[in-house]
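**Q** requesting a structural model of the entry that follows:
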Amino acid sequence: MTVTTSVTPWVALTGILSALAILAVPVGLILVIVGLVQFFRPAETPPGPEEFLKSRYAGGEISLSEYEEMLRTIRGDGP
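**A** Residues are numbered from 1 along each chain as shown. Here you go, the predicted structure:
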């Protein structure tokens, strides 16, 4: 006497869904941890006007005389 077993599509689907449910827990925990880390990380502050001016001068966008004039204006030393 031989015994044959057949897997119906519903049994296969149940197995697949079970595997996905088991994987959903650790993936969900990882996503929650990543979200919390990003939430509590201090935001980067944008550069101030002097730093921005330095980067423009360093990049060759403005000349030394323009840099010095703008720096005096930023600091309030005159026009």
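**Q** how far away is residue 45 from residue 38?
**A** Residue 45 is 17 Å from residue 38, where distance means C-beta to C-beta, to the nearest Å. For every residue, glycine as well, the C-beta is placed using N, CA and C.
**Q** over to residue 14?
**A** 36 Å.
**Q** compare these two (neighbour count), which wins?
**A** Taking other C-beta atoms under 10 Å, residue 14 and residue 38 do not tie; residue 14 has more neighbours (11 against 8).
**Q** so the residue most central in space within the chain, which of the three states?
**A** With distances taken as C-alpha atoms, centre = their mean, the residue of the chain nearest its centroid is residue 38 (7.6 Å). Three-state call for residue 38 (DSSP: H, G, I helix; E, B strand; the rest coil): helix.
**Q** what sits against it?
**A** Contacts for residue 38 (C-beta atoms under 8 Å, 6 or more residues apart in numbering) come out as none.
**Q** which stretches of this structure have low pLDDT?
**A** 1-5, 7, 78-79 (pLDDT under 70).
**Q** how about the helices in it?
**A** Here the chain has its helices, by DSSP state H, at 9-40, 49-58, 64-75.
**Q** how many residues are close by residue 45?
**A** 6.
**Q** so how far is residue 59 from it?
**A** Counting by C-beta to C-beta - residue 45 and residue 59 are separated by 21 Å.
**Q** how close does the nearest residue to residue 49 once chain neighbours are set aside sit to residue 64?
**A** Among residues not flanking residue 49 along the chain, residue 74 sits closest, at 5.0 Å (C-beta to C-beta, 6 or more residues apart in numbering). Distance of residue 74 to residue 64, given as C-beta to C-beta: 15 Å.
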